[in-house]
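*Asks:* Predicted model and sequence follow; I will ask about them next.
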Amino acid sequence: MVYGSEAFLPTDLNYGAPRVKAYNKQGDEASLEDTMDQLNEVRDVALLRLAKYQQALRQHDSRRVWGWAFNVGDLVQRLIQSNKNRHKLSLSWEGAYIVVEVL
């Protein structure tokens, strides 16, 4: 077996099988060019579908996100990002910080 092409038996070549006689090199090259054009079109369609899927996924993930507006003087807490020297029962948030400036 050969990838991308069809194998011929030596007897087919010697005795002129119908598929050997019907082979047309120019038609084969034209068919290859058409296939390459279709491949580019399929890639473009796939990119459009991917973009549409990612947009829908982004909208789905952000549908329950609430916007927060902080004012000067509000008390806030900060999520602790590092788990170094911590165990599972440690607090997740630190401090009560006062908002000094809103950017």
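*Replies:* The structure has been received and is ready for your questions. Residues are numbered from 1 along each chain as shown.
*Asks:* drop to CA atoms for contacts and neighbour counts, all remaining ones
*Replies:* Will do.
*Asks:* what's the spacing between H60 and Y53?
*Replies:* According to CA to CA, to the nearest Å, H60 stands 10 Å off from Y53.
*Asks:* so where's the chain shaky on pLDDT?
*Replies:* Filtered on pLDDT under 70, the chain yields the residue ranges 1-5, 21-25, 27.
*Asks:* Give me the most central residue, this protein.
*Replies:* Most central in the chain under CA atoms, centre = their mean is L50, positioned 6.2 Å from the mean C-alpha point.
*Asks:* May I ask you to name the longest helix in the protein?
*Replies:* helix 25-61 (DSSP state H).
*Asks:* The next helix-or-strand element following that one packs against which elements?
*Replies:* Downstream of helix 25-61, the next assigned helix or strand under DSSP states H and E is strand 75-79. On a contact count with 3 or more CA pairs under 8 Å, 6 or more residues apart in numbering; DSSP states H and E, strand 75-79 meets strand 93-98.
*Asks:* how far is the strand it packs on from where the chain is centred?
*Replies:* Using CA atoms, centre = their mean, to the nearest Å, the distance from the centre of strand 93-98 to the centre of the chain it belongs to is 39 Å.
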